[in-house]
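Engineer: give me a 3D structure for the following:
(chains A and B)
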There are 2 protein chains.
Amino acid sequence: MSALTKVVLSERDMPTHWYNISADLPAAGITLPPPLHPGTGQPIGPADLAPLFPMALIEQEVSTERYIEIPDEVQDIYKLWRPTPLYRAYHWEKALGTPAKIYYKYEGTSPAGSHKPNTAVPQAYYNKEAGVKRLTTETGAGQWGSALSFACQMFGIECKVYMVKVSYEQKPYRKLMMQTWGATVVPSPSNQTHAGRTILAATPDSTGSLGIAISEAVEEAATRDDTKYALGSVLNHVLLHQTVIGQESIKQLEMIGADWPDVIVACAGGGSNFGGFAFPFIRENIVGGRHARIVAVEPAAAPSLTRGVYAYDFGDTAQTTPLLKMHTLGHDFVPAPIHAGGLRYHGMSAQISALKEAGLIEAVNVQQRAIFDAALSFTRAEGILPAPEPSHAIWQTMQEALKCKESGESKTIVFNLCGHGHFDLGAYEAYLNNKLEDFDYPTEALQKSLDHLPKVA
Amino acid sequence: MSALTKVVLSERDMPTHWYNISADLPAAGITLPPPLHPGTGQPIGPADLAPLFPMALIEQEVSTERYIEIPDEVQDIYKLWRPTPLYRAYHWEKALGTPAKIYYKYEGTSPAGSHKPNTAVPQAYYNKEAGVKRLTTETGAGQWGSALSFACQMFGIECKVYMVKVSYEQKPYRKLMMQTWGATVVPSPSNQTHAGRTILAATPDSTGSLGIAISEAVEEAATRDDTKYALGSVLNHVLLHQTVIGQESIKQLEMIGADWPDVIVACAGGGSNFGGFAFPFIRENIVGGRHARIVAVEPAAAPSLTRGVYAYDFGDTAQTTPLLKMHTLGHDFVPAPIHAGGLRYHGMSAQISALKEAGLIEAVNVQQRAIFDAALSFTRAEGILPAPEPSHAIWQTMQEALKCKESGESKTIVFNLCGHGHFDLGAYEAYLNNKLEDFDYPTEALQKSLDHLPKVA
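Structural biologist: Numbering: from 1, shown residues only, chains lettered A, B, ... in the order given. You can find the predicted model right below:
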């Protein structure tokens, strides 16, 4: 075939600015409800966030500027793997027998193997600029922790990662990757924080959760002058940094004269991958006269957009973070132990939640056996071995492609393959040996955790 | 910095032909000694190889055509990850404080994570064209086995991999990767072949070796009509396919107006990575009036080029393969269990061996603790986590760069980073915990195994 399989941009075509969707939300009739103070329930100001984040990131969090310039120092690190390739999935289309045109953006070529370094690098940079010496964070399966370890190493900042204990024990390779990049990794709950000790006193054999690990990392940052905190998803500035993905994708599709996409698909946990990929396309829907469907795919085990409520809630278990108005399953909801660890979160980005409320995006959920069916179909055709998280997007893309096969329509579908599955082969083993579990919808647990939502006037 | 960090080619700039160094060896005064029949000791003809390989590959093995066209079907699969990027190692140069200009070609972006698919894909293709239904092969650490599994999946051929038992048990992820791509993987020695049963009878707890696994894979192919054999290194046609690496590198260096390299560095086990990267540069030395130093780096535990002899020897333990004149440690030499499993081979490509004899390339060897020192230095500056094999090249590059620091020379050094280390983090763990062993030079074992070299008139 003469058409291009892989569309590569030159470094000279890299986006020079991040795209801030907050600038375009008013045009869609959306006003983002403000974050509230966890103690007073009143809207918070920049000073309230200052113990945790450097001012440059706080400014980005609340900015309504449409484009924010990417510093040269960040671009220099981005260039280690950016721009990332966009592929036409010719082989998979053929295997599925679909007339659909399937494209995918691939973020697995970064050092950490996912899209996470797109925000880890600027977060480390702005902290370095502000004189911060140490960063703390939490990590579940380890994607975010390894991304931040890498970024801190690039700027000579210390990095301490609270890793959910069950992952710390079951995924030694991710831990080793962080250590190789110079980070300190401790299993959470730990005895190094008040939050950790409290949990351990009540539940000595606790295997941890993302909500607990966040509480520990936030506590350490809040109580040490030389230390700040970094979060890998959910917040506006995190999604902002990820918009290099969607911007590059649009440029690449234009470069090869592809049709404007009919459907945009990405998985959604806290929302950084979905937002980073979809926001530049959503902008074209809001102000550019385009009409792509935008579909978020979440696991049935953590279905915040599809089964949660739109309400103010905490970001962590210990109720120490500001309250965000978001789709939530309740801050003490613990998702079933699915292999897509990066999607096991009770909440969702406030921006994405507001877009969902306004009807600008769709959301579906899916069980994990189905996503591995899709992952196998994909990897046997295209070669790249996907992580369980983007396999959610692969599953939805497959459904859309098979609908096209039935209807004969030649739609253009674009999804984001946000990371490789080199550290997830244990999950593939379970699948291949027919030992992979699906979990019931968490109907009862959800009812209980939603009863614990904070009361906000 | 304004200069490019990462040099990407368009698919339209991909090499259309493989480069065959056999065409240029006569100009360097080299005549390649012919392979000999393992029974008769006489030069073999194409018919002798026909039970193992399809005729198209046999023709490539003996060809003296300078350029051999890459079939469209192979290019279509190559495009899943090729062309691969070439990087300027600005960050590492800075960390080393060297005035040297360091570039590296990165082959870790392939689905299998190394350069191996460059030959796995054409081998699967030519077998498919010849009506072959099944391929057998051997694998040590699993790089080659996963590459061939992937390639066979692309062309709908069955793939059976004999995996060295110790790796089968210690590296479950590589095995799972092969299975995910549909291959059958058996630990070697197995009871499925005569060779395997013989070894097991004598040594029931044998942990296997590459030489034994080759014997098993060759035996199965030789005794089944529907099955042929594929080798991941050593042979001329394998190195031929890998020359896309060096050809792309030259084009990328020219594209950015880099100086012609002073030093070319690659690791060498059987020679496929070294040959594929270096041969196009060596051609420029032979006929293009260039004068780059070409350095092969091998492990101290398997130092065929630096401590072996140049003699006819078998490629496998059971003495079933044709005899090749090569640098060898003896076909029953078992290298110490270093982590660079891909370099644990007793022999060396006949082409590379002849080039070494003629003084056209240099060779050095290095212990494994030193290569991990270099790997850490590299990954903490450049982000990419290298496999232990290319870390040999990284070590040598570091020596050259530090020499430049001393002398103040601004030499241009280019090395091949042939694969990522995502499945080698156990080795990094040993290194970080100061538990990584160096092994004595195998002086005595070597003396013994060299006594067993076949007698050839």
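
Engineer: grab the nearest non-local neighbour of the closest residue to chain B within the stretch 301-450 of chain A.
Structural biologist: Residue nearest to chain B within the stretch 301-450 of chain A: A:Gly383 (3.4 Å; Cβ to the nearest Cβ). All C-beta atoms are positioned from the backbone trio N, CA, C, and that covers glycine. Leaving aside its chain neighbours, A:Gly383 sits nearest to B:Pro111 (3.4 Å; criterion: Cβ to Cβ, 6 or more residues apart in numbering or on different chains).

Engineer: ok, the one you found touching B:Arg82?
Structural biologist: No - with contact defined as Cβ atoms under 8 Å, B:Pro111 does not reach B:Arg82; the gap is 11.3 Å.

Engineer: residues from the stretch 251-400 of chain A in reach of chain B?
Structural biologist: Contacts of the stretch 251-400 of chain A with chain B, taken as Cβ under 8 Å from any Cβ of the partner chain, map to A:376, A:379-380, A:382-385.

Engineer: again, 6 Å this time
Structural biologist: Taking Cβ under 6 Å from any Cβ of the partner chain as the contact definition, the stretch 251-400 of chain A meets chain B at A:380, A:383-384.

Engineer: relative to B:Pro303, which of those residues is nearest.
Structural biologist: Nearest to B:Pro303 among these: A:Gly383, at 34.7 Å, using Cβ to Cβ.

Engineer: now the closest one: phi and psi?
Structural biologist: Main-chain torsions, A:Gly383, degrees, to the nearest 10: phi 90, psi -50.

Engineer: tell me the pLDDT at it?
Structural biologist: pLDDT, A:Gly383: 95.

Engineer: residue contacts, it?
Structural biologist: By Cβ atoms under 6 Å, 6 or more residues apart in numbering or on different chains, the residues touching A:Gly383 are B:80, B:111, B:150.

Engineer: sticking with A:Glu437, tell me its helix or strand.
Structural biologist: Secondary structure assignment for A:Glu437, by DSSP states H and E: no helix or strand.

Engineer: skipping adjacent residues, who's closest to the closest residue to chain B within the stretch 201-350 of chain A in space?
Structural biologist: With Cβ to the nearest Cβ, the shortest gap between the stretch 201-350 of chain A and chain B falls at A:Met255, namely 10.2 Å. Counting by Cβ to Cβ, 6+ apart, A:Val7 is the residue found nearest to A:Met255 once chain neighbours are left out, at 6.0 Å.

Engineer: present the contacts of A:Gly383 as a markdown table; the columns should include pLDDT and secondary structure.
Structural biologist: Below are these laid out as a markdown table (pLDDT from 0 to 100; DSSP: H, G, I helix; E, B strand; the rest coil):
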| residue | pLDDT | secondary structure |
| --- | --- | --- |
| B:Leu80 | 93 | coil |
| B:Pro111 | 95 | coil |
| B:Phe150 | 97 | helix |
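
Engineer: which of these are buried? Put it as a PyMOL command.
Structural biologist: Filtering the contacts of A:Gly383 down to the buried ones (16 or more other Cβ atoms under 10 Å in any protein chain shown) takes a single PyMOL command:
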select buried, chain B and resi 80+111+150
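
Engineer: nearest to B:Ala213 among the contacts of A:Gly383?
Structural biologist: Of all the contacts of A:Gly383, B:Phe150 has the smallest distance to B:Ala213: 18.8 Å, by Cβ to Cβ.

Engineer: so the closest one sits against B:Gly113, correct?
Structural biologist: No - under the criterion of Cβ atoms under 6 Å, B:Phe150 makes no contact with B:Gly113, lying 10.1 Å away.

Engineer: which single residue of the stretch 101-250 of chain A ends up nearest chain B?
Structural biologist: Per Cβ to the nearest Cβ, A:Pro111 is where the stretch 101-250 of chain A lies closest to chain B, at 3.4 Å.

Engineer: pull the contacting residues for that residue.
Structural biologist: With contacts defined as Cβ under 6 Å, 6+ apart, A:Pro111 is in contact with A:150, B:383-384.

Engineer: and the contacts of the longest helix seen in chain A?
Structural biologist: Longest helix of chain A, by residue count under DSSP state H: helix A:388-407. Helix A:388-407 is contacted from outside by A:96-100, A:263, A:265-267, A:295, A:297, A:339-340, A:342-343, A:366, A:370-371, A:374-375, A:378, A:411, A:413, A:415, A:417-418, A:424, A:427, using Cβ under 6 Å, 6+ apart.

Engineer: returning to that earlier point: and the gap between the residue nearest to A:Gly383 and A:Leu385?
Structural biologist: Counting by Cβ to Cβ, to the nearest Å, the gap from B:Pro111 to A:Leu385 is 7 Å.

Engineer: got any ranges where the stretch 1-150 of chain A has weak pLDDT?
Structural biologist: Low-confidence segments of the stretch 1-150 of chain A, defined by pLDDT under 70: A:1-3.
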